[in-house]
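Enquirer: Generate a structure from the sequence data that follows.
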Amino acid sequence: MWLLVSRVPPPDARYWPGRRWFAALDAVGWPMAWALAVAYAPMPAGLTGTTVVAFVALSALGRCRRALWVNHRYRFTTWRWGRAVALLLVVGSMLKVASSL
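Expert: Purely as a prediction, here's the structure:
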């Protein structure tokens with residue numbers, strides 16, 4: 001038996017001055033970071049690296065289009081992953097403090 005569940009789309013993001021340009025930087029910055037990570041890998045990536053860079057470039061184009069023209073639907077990647085990284089840093093520092101006592 002198939003069960004189909006439709007999710008409600010998230011509400012439109014609030015607009016504030018400069019949001020479109022920050023979104024464009026966010027949309028291009030993360031794929032560029034991935035491409036640089038593949039390009040400067042310690043071992044040759046070969047065809048897989050080339051494929052990853054091509055996929056990342058296409059992803060950057062789609063994200064940039066959404067960030068500039070459909071800005072109310074763009075969600076910041078930095079905000080999403082920044083919270084997780086901040087949480088890991090806080091937990092790590094708490095463990096370091098706890099282990100030194």
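Enquirer: Look up phi and psi at residue 74.
Expert: phi -80, psi 130 (degrees, to the nearest 10).
Enquirer: Find the helix or strand that residue 79 is a member of.
Expert: According to DSSP states H and E, residue 79 maps onto helix 77-100.
Enquirer: Now tell me what touches stretch 56-74 from outside.
Expert: For stretch 56-74, the external contacting residues (Cβ atoms under 8 Å, 6 or more residues apart in numbering) are 12-13, 15, 19-20, 23-24, 26-28, 30-32, 34-35, 38. Glycine gets a C-beta too; all of them are placed from N, C-alpha and C.
Enquirer: Pull out the buried residues from it.
Expert: Neighbour counts over stretch 56-74 (16 or more other Cβ atoms under 10 Å) mark 56, 60, 63-64, 66-67, 71, 74 as buried.
Enquirer: So which elements touch the helix holding residue 79?
Expert: Of the remaining helices and strands, those touching helix 77-100 by 3 or more Cβ pairs under 8 Å, 6 or more residues apart in numbering; DSSP states H and E are helix 19-39.
Enquirer: Quick one: distance of the helix it packs on to the chain centre.
Expert: When distances are taken as Cα atoms, centre = their mean, to the nearest Å, helix 19-39 is centred 8 Å away from the chain's centroid.
Enquirer: Likewise for stretch 81-91?
Expert: 14 Å.
Enquirer: Alpha carbons only: can I get it in PDB?
Expert: Taking Å, rounded to 0.1, in the frame of the first residue of the first chain, the C-alpha atoms of stretch 81-91 are listed here in PDB:
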ATOM      1  CA  TRP A  81      25.200  24.700   8.900                       C
ATOM      2  CA  GLY A  82      26.600  27.500  11.100                       C
ATOM      3  CA  ARG A  83      24.200  26.600  13.900                       C
ATOM      4  CA  ALA A  84      25.300  22.900  13.800                       C
ATOM      5  CA  VAL A  85      29.000  23.900  13.800                       C
ATOM      6  CA  ALA A  86      28.400  26.300  16.600                       C
ATOM      7  CA  LEU A  87      26.700  23.600  18.600                       C
ATOM      8  CA  LEU A  88      29.500  21.200  18.100                       C
ATOM      9  CA  LEU A  89      32.100  23.900  19.100                       C
ATOM     10  CA  VAL A  90      30.100  24.600  22.300                       C
ATOM     11  CA  VAL A  91      29.800  20.900  23.200                       C
END
